[in-house]
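J.: missing the sequence, but the structure's below:
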């Protein structure tokens, strides 16, 4: 009985060992079949839309005709390498676009939002001005409605980069406002003036300065704030332009071959699930985008300058603060005229002669046409806060061009099971540095040290934009220096000259009422020599970029002689209304 048990045990052991041997043979047979068969790769080749399955040989063939991938037995042909070449170029382009997409979307969205905010603020300021006129100056509110609309339309056009001179807009508004004020506020309940008399009043406004300092100070603040806002918007748009051009960057042929070896040549073995080693990928991408990395210092400077100007977006240089006070400041000018009614009447008589009435001798009615119901809306949109939030987000993209290559390799692997360019094994070659300087000994990509034309162009754009931002930062003084500058230029000097000089070399000039027009190209709120507000690059005959040299010009600008102080103009709405009715009763 014991012998039978032993025999049965021996049989079981024999069967067990036989099964193990058979399983090992099956495994070896399967491995041999996978290595020589290209069927799985053929399916992948078609799935990835590299070509049709019939382009892939059924079994490995000699790879003597291959130019990039290994020439040993392979599942690839020369024709398939052509497909790999096209796919590698497409991959690089799509990868670059995906890398720039987020930061570009941030800039584009911010520009659109800024423009929307500007439009909202201008419309709100226009509505507030109409409401103010209806509540306080009802007798002329209807006739002033169109004049107010034209004025704010000019502001809107300027902010949309149309060629509008804010100096002319402000002067035109106050020129045509004066006849209305002189009639309804100083000579109320009188017949309408004749057309010739009205035209004379328009012409003499800038000589007799009925509104005191208001037109000049308002003009200055509008120029400063709108120009600063325009510079910021154009600078962000320029950043978008740089990123758009970056997306068009074409890598070298040697780079395409390196990407082929990294991404597509494993299929030829066939290894269909290969993942490149991380350092291998970094060497390839750092070589391919080495020239782009050279943009990083200028890109960082651009972001710093953008942040610097946004930080000074306050006071007279904050478009929101200025627009919220436009209606009150216009009213200050009207009150100045009313307070000096007798003096103005004498000056008008001296310049235009005795008052001339129209043929219709009926007094002008207290019209309500064009009046707007409601109360002024002075709620802040907090534009400065929104800009600072945007800049904080954009500032995080410092180093964007330096980290571009490594960001493309964030999903790759390290270890002994990754593709190292030849087989599945650890990548042992040296990791090169970033930028052109680190590519002299790149083991994967040969990189030319000669700067490419597209990189030169992008550098010029970033330099030009940063220069415009930096110039604007230098032109934005603090509040105390601005007030001191105004006092020193002779607001109360009484020199009787009626004019002063503005030096335009530095944009606004040293005078308190600089024109805001820059004589250099680039981002500019005024008129430039080439009549363009965009980025302009002057080039010499050889096509090299050269700096435009500013041309120093001197302009004579009228200013009030011995203009009274604005200390008496900070009246409340109630006081303004009371004085208005008293004036009407006295003259009525």
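T.: Thanks, I have it. Quick caveat, the model's predicted, so the values are computed rather than measured.
J.: can you map out the strands along the chain?
T.: With DSSP state E as the criterion, the chain has strands at 499-503, 554-558.
J.: list of residues touching stretch 75-90?
T.: With contacts defined as CB atoms under 8 Å, 6 or more residues apart in numbering, stretch 75-90 is touched by 38, 41-42, 45, 48, 50-51, 55-57, 60-61, 63, 65-69, 251, 256-257, 259-260, 263-265, 267-270. (Each C-beta comes from the backbone N, C-alpha and C, glycine too.)
J.: give me the buried subset of the residues you listed.
T.: Buried members of these, counted by 16 or more other CB atoms under 10 Å: 38, 41-42, 45, 50-51, 56, 60, 63, 66, 68-69, 251, 256-257, 259-260, 263-265, 267-270.
J.: local confidence estimate at the residue nearest to residue 436 when sequence neighbours are not counted?
T.: Leaving aside its sequence neighbours, residue 436 sits nearest to residue 290 (CB to CB, 6 or more residues apart in numbering; 5.1 Å). Residue 290 carries a pLDDT value of 95.
J.: residue 333 now?
T.: At residue 333, the model reports a pLDDT of 96.
J.: ok, the one 10 residues further on next?
T.: Note for residue 343: predicted pLDDT of 93.
J.: same question for residue 310.
T.: 83.
J.: thought it was touching residue 386?
T.: No: counting by CB atoms under 8 Å, residue 310 sits too far from residue 386 to count as a contact (10.1 Å).
J.: partners of the nearest residue in space to residue 427 that is not next to it in sequence in the sheet?
T.: Leaving aside its chain neighbours, residue 427 sits nearest to residue 277 (3.7 Å; criterion: CB to CB, 6+ apart). Counting by DSSP bridges, residue 277 is bridged to residue 413.
J.: residue 277: neighbour count?
T.: A count of neighbours around residue 277, defined by other CB atoms under 10 Å, yields 27.
J.: again, but for residue 417
T.: That count, for residue 417 with other CB under 10 Å as the rule, works out to 13.
J.: over to the one 4 residues further on?
T.: Per other CB under 10 Å, the neighbour tally for residue 421 reads 20.
J.: contact partners for it?
T.: Residue 421 neighbours (CB under 8 Å, 6+ apart): 261-262, 265, 280, 427, 444.
J.: just those: which are in helices?
T.: Cross-referencing the contacts of residue 421 against helices under DSSP state H gives 261-262, 280.
J.: just to revisit the earlier point, which of the strands of the chain has the lowest mean pLDDT?
T.: Averaged per stretch, pLDDT over those is lowest on strand 499-503, reaching a mean of 30.
J.: so who does the residue nearest to residue 436 touch?
T.: For residue 290, the contacting residues are 405, 434-436, 438-439, 447, by CB under 8 Å, 6+ apart.
J.: in helices, which of these fall?
T.: residue 405.
J.: wait, isn't residue 332 in contact with residue 213?
T.: No: using CB under 8 Å, residue 332 makes no contact with residue 213, being 9.1 Å away.
J.: just give me the residue right at the centre of the chain.
T.: residue 236 (1.6 Å; CA atoms, centre = their mean).
J.: ok, that residue to residue 473 distance?
T.: As judged by CB to CB, to the nearest Å, residue 236 and residue 473 stand 15 Å apart.
J.: residue 438 is in contact with residue 287, isn't it?
T.: No: using CB under 8 Å as the test, residue 438 is too far from residue 287 to be in contact (9.1 Å).
J.: joint contacts of these two?
T.: residue 432.
J.: which one's more surrounded, these two?
T.: Comparing residue 438 with residue 287 by other CB under 10 Å, the one with more neighbours is residue 287, at 24 against 17.
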